[in-house]
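K.L.:
Fold the following and give me the result.
(2 chains)
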2 protein chains.
Amino acid sequence: MSREQQVLDRIERIRRRKPVIREELITLAHGAGGKATQTLIEAVFLEAFRNPLLAPLDDGALLRIEDGQLAFTTDSYVVSPLFFPGGDIGDLAVNGTVNDLAMCGARPAHLSAGFILEEGFPVADLRRITDSMAAAAAAAEVTIVTGDTKVVQRGKADGCYITTAGVGLVEQPVTLSAARARPGDAVIVSGPIGEHGAAIMLARGDFDIEAPITSDTAPLHGIVSELLKALPQHVRALRDATRGGVATVLNEVARASEVAVVLREDQIPVRPEVTGVCELLGLDPLYVACEGRFVAVVDGEHAGQALETLRSHPLGADAAIVGTVADAPAGLVLLRTAFGGTRVVDVLVGDPLPRIC
Amino acid sequence: MSREQQVLDRIERIRRRKPVIREELITLAHGAGGKATQTLIEAVFLEAFRNPLLAPLDDGALLRIEDGQLAFTTDSYVVSPLFFPGGDIGDLAVNGTVNDLAMCGARPAHLSAGFILEEGFPVADLRRITDSMAAAAAAAEVTIVTGDTKVVQRGKADGCYITTAGVGLVEQPVTLSAARARPGDAVIVSGPIGEHGAAIMLARGDFDIEAPITSDTAPLHGIVSELLKALPQHVRALRDATRGGVATVLNEVARASEVAVVLREDQIPVRPEVTGVCELLGLDPLYVACEGRFVAVVDGEHAGQALETLRSHPLGADAAIVGTVADAPAGLVLLRTAFGGTRVVDVLVGDPLPRIC
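P.N.:
Just a heads-up that it's a prediction; the model follows:
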């Protein structure tokens, strides 16, 4: 019997068996590797992520690959709260790793998922999370092919932490790096910034503020692929503006490329609700995390074409050129304010927004 | 300038800069993505794991691969205590992922590492862990090429959790699967069992027992490669006997292959200290985790050659044939006891040894 046939048979057997998880809360036994772990894997993870590569449940997944460059990345997710307007830890974990692969110029292909669960975590919440991961994976055209579950005692975690890793194939001959920005390049953001961070802050309910802000969590590989197809030779660097926001990403670029980045405050797209919340909380939107926006550094001569390409994609409708790269002062990000002044946009010090992702 | 040259230059610049981490304890700022995160990454992670693929610190690492099969795996580590006789969470996390790749018949190549740190975790402990990871990676000839760090508030984790993922290349034309065991096959364990679990239990200090037991944590790709080279066509399944121990692994094989596994109690290698501790704690060594032992199911006619090959490797000196595969009762593991009786070795129910890995 071929391996494929074995796999299909196994899926069929598992399907027939219809494993049922009887407990309503996660127990230490679910992390022990025995009967309870097996049931959890089959009733929750395999049920949600069903695909032929995952189904054998061996120690790892075997992927057939072709000659080329493979991108490999990982991110741990500890967002609090786990569920928030516009998403949850599950789609965040999938989109985050999909986006890191996209930022390398790769087509995301396969993901792993490691769960650290707290004893007492509701199984219904876990199902909600895995359903959301499955939907995000389907939307991003990736499969979750291998995973692991650990359970720690009550009080030793905060419900659920997820670490995803991903592999993707670099199909286009591009070289992207934060170290490749040059004077004259344009800096583009793919849409309004700060929505994810603002949504999380509001979802915590620590402030008596209500505003219609939802997380911008989204898979960016599609829009990035369009950009790289349109301008294979003229995109220098791509970074998704997550923790630390656009300011942090641009500081990395300025530092790695030993250039200055000069932003124009009045060009930076921020929705009025986000501006309002940031003002109330004393935050600068430039430092607030996005989970579905990226920064592109593009050859200045092709900035218009890049912008047009981004804007023709649904996730880039509000893309904007927000600044330029200059040769000095090397390593710094400057902001030309709406009032004509200039200030340094420094690297983030401290953590005004812990556990945003 | 070529990308390689850029990378080397960047390493050189970083080396010259000698980033210093001033805090003695991890703070939330170390997980915020800003200045403190950057310093932590450069002073601790890059310092320990230094390699050209990691050095660019982009969103992912780019790996050059050749046509073939790639194995991809992940594991989260939540072992308590973090440091124990024979190892720590760091080498455990590296060896564990190396071993999962080896069990797929792959040569481990590159690892990712996601850290979830608790606010207040000592930086010195983190360094001890990363040094240990670096040493384990060097021993296993893998590089840690990408990673992530999150920090959660005090009380929301237990010091340090690590999730590693790994990719490896399947270089030998072998098909390994828990579903491939057949009646007549031999079951071999690569060495004495239960040492890792017993070492962790003692390290917790909950029991007033002293015994010279150290974890068996070790990278198994070398010994596995020897076995597959010697018997490319006759190895059916390989599993490292971690959580749930040998009993759990063999139940997976029995179930996936729809065969019976018949063990001979008097052939199972267990060191007397481990037997002693297990008796005192009321544990069965068959369920106690190893982190440097594996189970091989091998064509019965080649069992002798397999054993010889394993025994000629330092990590397999005490390998033993511990049982055979039969056709019935399908799905069960039986133990012929030293007294001539037979009992079913069931799947682990509950968790007698939480957070062993």
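K.L.:
Once you drop chain neighbours, what's closest to residue A:243?
P.N.:
residue B:33 (3.2 Å; Cβ to Cβ, 6 or more residues apart in numbering or on different chains). All C-beta atoms are positioned from the backbone trio N, CA, C, and that covers glycine.
K.L.:
If you could redo that for residue A:185, that was the one I meant.
P.N.:
residue A:325 (4.0 Å).
K.L.:
Helix, strand, or coil at the one you found?
P.N.:
strand (DSSP: H, G, I helix; E, B strand; the rest coil).
K.L.:
Number of residues surrounding it?
P.N.:
25 (other Cβ atoms under 10 Å in any protein chain shown).
K.L.:
Skip the chain neighbours and tell me the closest residue to the closest residue to chain B within the stretch 201-350 of chain A.
P.N.:
Using Cβ to the nearest Cβ, the point where the stretch 201-350 of chain A gets nearest to chain B is residue A:348, with a distance of 2.7 Å. Nearest residue to residue A:348, sequence neighbours excluded (Cβ to Cβ, 6+ apart): residue B:34, at 2.7 Å.
K.L.:
just residue A:309 next, same as before
P.N.:
residue A:230 (4.3 Å).
K.L.:
got a list of what the one you found touches?
P.N.:
Residue A:230 makes contact with A:305-306, A:309, according to Cβ atoms under 8 Å, 6 or more residues apart in numbering or on different chains.
K.L.:
Point out where the stretch 1-150 of chain A drops to low pLDDT.
P.N.:
A:1-17 (pLDDT under 70).
K.L.:
Of all the residues in it, which one is nearest chain B?
P.N.:
residue A:34 (2.7 Å).
K.L.:
doesn't residue B:354 make contact with that residue?
P.N.:
No - taking Cβ atoms under 8 Å as the definition, residue A:34 is not a contact partner of residue B:354, at 11.9 Å.
K.L.:
Of those two, give the one with the bigger neighbour count.
P.N.:
The neighbour comparison of residue A:34 against residue B:354 (other Cβ under 10 Å) goes to residue A:34, with 24 against 20.
K.L.:
From residue B:301, how far out is the residue nearest to residue A:243?
P.N.:
As for residue B:33, its distance to residue B:301 is 58 Å (criterion: Cβ to Cβ, to the nearest Å).
K.L.:
and if you look at residue A:118?
P.N.:
Residue A:118 sits 49 Å away from residue B:301, going by Cβ to Cβ.
K.L.:
Settle it for me: which of the two has more neighbours?
P.N.:
residue A:118 (20 against 11).
K.L.:
Report the beta-bridge partners for the more buried one.
P.N.:
Following DSSP bridges, residue A:118 is listed with bridge partners residue A:152.
K.L.:
That one contacts residue A:126, correct?
P.N.:
No - counting by Cβ under 8 Å, residue A:126 is not a contact partner of residue A:118; they are 10.7 Å apart.
K.L.:
anything in contact with each of these two?
P.N.:
Common neighbours of residue A:118 and residue A:126 (Cβ under 8 Å, 6+ apart) are A:26, A:160.
K.L.:
show me the contacts for residue A:141.
P.N.:
Contacts of residue A:141 (Cβ under 8 Å, 6+ apart): residue A:108.
K.L.:
related to what we said a few turns ago, from memory the residue of the stretch 201-350 of chain A closest to chain B sits against residue B:30, does it?
P.N.:
No - counting by Cβ under 8 Å, residue B:30 is not a contact partner of residue A:348; they are 11.7 Å apart.
K.L.:
So between those two, which is more surrounded?
P.N.:
residue B:30 (29 against 25).
K.L.:
now stretch A:203-211, how far from the centre of its chain.
P.N.:
Between the centre of stretch A:203-211 and the centre of its chain there are 24 Å (Cα atoms, centre = their mean, to the nearest Å).
K.L.:
does chain B sit close to that stretch?
P.N.:
No - interface with chain B: stretch A:203-211 contributes nothing (Cβ under 8 Å from any Cβ of the partner chain), its closest point being 12.4 Å away.
K.L.:
Please apply the same query to stretch A:154-169.
P.N.:
Yes - Stretch A:154-169 lies within reach of chain B by Cβ under 8 Å from any Cβ, at A:155-158, A:161, A:163, A:165-168.
K.L.:
which of those residues are buried?
P.N.:
A:156-158, A:161, A:163, A:165-168 (16 or more other Cβ atoms under 10 Å in any protein chain shown).
K.L.:
Redo those as TSV? Include secondary structure and pLDDT.
P.N.:
Formatted as TSV, these follow (DSSP: H, G, I helix; E, B strand; the rest coil; pLDDT from 0 to 100):
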residue	secondary structure	pLDDT
A:156	coil	96
A:157	coil	96
A:158	coil	96
A:161	strand	98
A:163	strand	98
A:165	strand	98
A:166	strand	97
A:167	strand	96
A:168	strand	95
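K.L.:
Spell out which two among the residues you listed are the most distant pair, please.
P.N.:
By the measure Cβ to Cβ, A:156 and A:168 form the most distant pair in these, at 33.3 Å.
K.L.:
rewinding a little: the residue nearest to residue A:185 and residue A:180 touch, don't they?
P.N.:
No - shown here, residue A:325 and residue A:180 do not form a contact pair, counting by Cβ under 8 Å, at 10.3 Å.
K.L.:
Pull up the overlap in contacts between these two.
P.N.:
With Cβ under 8 Å, 6+ apart, residue A:325 and residue A:180 have common neighbours A:257, A:297.
K.L.:
quick one, helices of the stretch 51-200 of chain A?
P.N.:
Here the stretch 51-200 of chain A has its helices, by DSSP state H, counting those that start in this stretch, at A:89-103, A:123-140, A:195-203.
K.L.:
ok, what's across the strand from residue A:263?
P.N.:
Beta-bridge partners, per DSSP bridges, of residue A:263: residue A:323, residue A:335.
K.L.:
In contact with it, which residues are there?
P.N.:
A:187, A:250, A:286, A:322-323, A:333-336, A:345.
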